[in-house]
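Asks: mind looking at a prediction? Sequence and model below.
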Amino acid sequence: MSGEQRHPNLVALLTIVRREVMRILRIWGQTLVPPAITMTLYFLIFGSLIGRRIGDMGGYDYMDFIVPGLVMMSIIQNSYGNISSSFFGAKFGRHIEEMLVSPMPNWVILGGYVTGAVLRGLLVGAIVLCIAMLFTHVRIPHPLVTIATVLLGATIFSLAGFVNAVYAKKFDDVAIVPTFILTPLTYLGGVFYSVKMLPDWAQTMTHANPVFYMVNAFRYGLLGTSDIPVGIAFGLMIGFVLVLGTLGLWLLKRGVGLRS
Amino acid sequence: MEGSPLYYQGHDGLFAPIIPPISMSNVPALEIHELRKIYATGVEALKGVSLSVQPGDFFALLGPNGAGKSTLIGIVSSLVNASSGSVKVFGVDIDTNREAAMRLLGLVPQEVNFNFFEKPFDILCNYAGFYGIPRAEAKLRAEEELRRAQLWDKAHTMARTLSGGMKRRLMIARAMMTRPRLLILDEPTAGVDIEIRRGMWRILKEVNAAGTTVILTTHYLEEAESLCRNLAIIDGGRIIENGPMKTLLAKLDVEGFLLDIDGGLPAELPHIEGVTLRAEDSHTLDLEMPRAMDLNGVFAGLDAAGVRVRSMRTKTNRLEELFVRLTGGKEAAA
């Protein structure tokens, strides 16, 4: 027997992933270049120019301190943005119906879109990490923690972006969450500062921010330091994946925003 | 892998998902029982629709705008959730075995629903991929279907640049990528010119002749009359007529003709027993007569009144006439 022998669901999953990756590469000027430019400016202004005056942060040079946060911020924003715009675009253009009338199970649809979004997050994260290497020496003392954090963080925000896209009725609905929720959570999640600098009440509030755990787990992977125990961060991240994944599948099963 | 119920051998020995075998040839291609749909707005779009379409049929589903056709097609293709009732595609229930049922079904929707920023070749290959058909097999099928739809020269151009007729042909080609046993087309020829429409009719006749059951809704009732063997008329969420096209058309007891008159009409139209005459303009006569009556008597009456008939044509499409009668004169739209 010759030829491919993949299970139909695997073929379907790879088809969605392939389509998502082709989309990312086709519109590279919108998907890959902007985060590279933005992060270069962050490194240049906050890390190199202002960072010199700030001095140490958490026992590390300020540039070294912000690298994990900025890489994680890029991964989060791009994973979220990829799935929310792509899935909502498919809804808006009605080509989501190609998938809804197919025999694909819901987990394949969700898995395909999430994998595509995670891949964009990883691609952008790698680009930003390469840019960071131009400004500082990046070491990775805990590579497994680093990789696991990246995958979990990207998956969480891909799933969150999917939920956003399912409920969105117009393009404004896709833009509102990143502007009013995602960006504040990211900036207040300890990307640019150590949470120990904050007053007690602000520290307590920061612990309700999921981005805080991702940034600190990633910082542990790259620098070996964290404001919180890494085990707690992983426990919470896995919890978020399970809750959001279940919610995504439930929304697809009910056909919320998709089937009338 | 050989012998597995999941795969069959396609082009060049490549393996693709198999369509579930149908054990009984007399299992209806589509069987709908007491289907109801009440939308969240409270609108009751379907009020207990039951329908059966036999394998190999070319079936027309007609009804005025808002009659419930698109809701019905939406439920069958799993884009709309039914409130109650059941739908079986070749005996496979879409609620209890959705995946198997969807493998048997192909849909050409009313609205264009492919990604305008992709190329036709990729659109077809991706669609096949959603059904689990390997890429290599999908590429071969895509070329085959694009050639049949006369779109091969557009295979690698952006879909948004296609004309309206090309987009509709592309949707038929896309639906055929999975070799469906039941093909449902929701107004596939809406808004395309007659030449393209006839090209699409050719494709659909080929598809049906090859054994695929075809269900069609259309705005053009002459299209249904020339293509379909059986039909159902839906109105107000209920099936109001269902049966063979010939049987239903035979129910019409009146025929209408337009007569082109040589030299103009007389000031007073002649009276012919059982015939209704009306001047359409000074050279055209509108004639309605019982189907049982022969035309010789009519012509004799006209001749006696000095009316010279140069030519005649059927006034209305017969199906359109039936449709208007059954739906109480609502908009003649499918």
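Replies: Perfect, thanks for sending it.
Asks: how far away from the center of its chain is stretch A:53-70?
Replies: Here stretch A:53-70 is found 22 Å from its chain centre; the criterion is Cα atoms, centre = their mean, to the nearest Å.
Asks: list the buried residues in that stretch.
Replies: A:54, A:57-58, A:60-70 (16 or more other Cβ atoms under 10 Å in any protein chain shown). Where you see a C-beta, it was placed from the backbone N, CA and C, and this is true even at glycine.
Asks: contacts for that stretch, please.
Replies: A:39, A:42-43, A:46-48, A:51-52, A:128-129, A:132, A:135-136, A:138, A:189-194, A:196, A:215, A:218-219, A:221-223, A:225, A:227 (Cβ atoms under 8 Å, 6 or more residues apart in numbering or on different chains).
Asks: of those, buried ones?
Replies: Using 16+ other Cβ under 10 Å, the buried members of the contacts of stretch A:53-70 are A:39, A:42-43, A:46-47, A:51, A:128-129, A:132, A:135-136, A:189-194, A:215, A:218-219, A:221-223, A:225, A:227.
Asks: mind listing which of those residues are in strands?
Replies: Judged by DSSP state E, strands contain none of those.
Asks: which residues in chain A form helices?
Replies: A:8-26, A:28-31, A:33-42, A:51-54, A:62-92, A:96-100, A:106-135, A:143-167, A:171-177, A:183-187, A:200-206, A:210-223, A:230-254 (DSSP state H).
Asks: mind putting the ones you listed into JSON lines with distance to residue B:172 and mean pLDDT?
Replies: Below are the helices of chain A laid out as JSON lines (distance: least, Cβ to Cβ, whole Å; pLDDT from 0 to 100):
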{"stretch": "helix A:8-26", "distance to residue B:172": "21", "mean pLDDT": "93"}
{"stretch": "helix A:28-31", "distance to residue B:172": "33", "mean pLDDT": "89"}
{"stretch": "helix A:33-42", "distance to residue B:172": "39", "mean pLDDT": "89"}
{"stretch": "helix A:51-54", "distance to residue B:172": "61", "mean pLDDT": "78"}
{"stretch": "helix A:62-92", "distance to residue B:172": "21", "mean pLDDT": "90"}
{"stretch": "helix A:96-100", "distance to residue B:172": "14", "mean pLDDT": "93"}
{"stretch": "helix A:106-135", "distance to residue B:172": "24", "mean pLDDT": "93"}
{"stretch": "helix A:143-167", "distance to residue B:172": "29", "mean pLDDT": "93"}
{"stretch": "helix A:171-177", "distance to residue B:172": "31", "mean pLDDT": "86"}
{"stretch": "helix A:183-187", "distance to residue B:172": "45", "mean pLDDT": "87"}
{"stretch": "helix A:200-206", "distance to residue B:172": "57", "mean pLDDT": "87"}
{"stretch": "helix A:210-223", "distance to residue B:172": "47", "mean pLDDT": "87"}
{"stretch": "helix A:230-254", "distance to residue B:172": "28", "mean pLDDT": "94"}
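Asks: how about the residues of the stretch 51-200 of chain A by chain B?
Replies: For the stretch 51-200 of chain A, the contact set with chain B under Cβ under 8 Å from any Cβ of the partner chain comprises A:90, A:93-95, A:97-105.
Asks: report the buried members of those.
Replies: Members of these classed as buried by 16+ other Cβ under 10 Å are A:90, A:94, A:95, A:97, A:98, A:99, A:100, A:101, A:102, A:103, A:104, A:105.
Asks: which non-adjacent residue is nearest the fifth one?
Replies: Read it as residue A:98. residue B:127 (5.6 Å; Cβ to Cβ, 6 or more residues apart in numbering or on different chains).
Asks: for that neighbour, give me its contacts.
Replies: Counting by Cβ under 8 Å, 6+ apart, residue B:127 touches A:98, A:102, B:174, B:177, B:178.
Asks: quick one: which of those residues sit in strands?
Replies: Among the contacts of residue B:127, DSSP E puts none in strands.
Asks: any idea how far the residue lying closest to residue B:93 once chain neighbours are set aside lies from residue B:217?
Replies: Leaving aside its sequence neighbours, residue B:93 sits nearest to residue B:86 (Cβ to Cβ, 6+ apart; 6.3 Å). The spacing between residue B:86 and residue B:217, counted by Cβ to Cβ, to the nearest Å, is 21 Å.
Asks: more crowded one of the two?
Replies: Comparing residue B:86 with residue B:217 by other Cβ atoms under 10 Å in any protein chain shown, the one with more neighbours is residue B:217, at 25 against 15.
Asks: how about the residues of the stretch 101-250 of chain B by chain A?
Replies: Proximity of the stretch 101-250 of chain B to chain A (Cβ under 8 Å from any Cβ) is limited to residues B:102-103, B:105, B:107, B:109, B:111-117, B:122, B:126-127, B:129-137, B:174.
Asks: buried members of these into PyMOL, please.
Replies: To isolate the buried ones among these in PyMOL, judged by 16+ other Cβ under 10 Å, type:
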select buried, chain B and resi 102+103+105+107+109+112+113+114+115+122+126+127+129+130+131+132+133+134+135+136+137+174
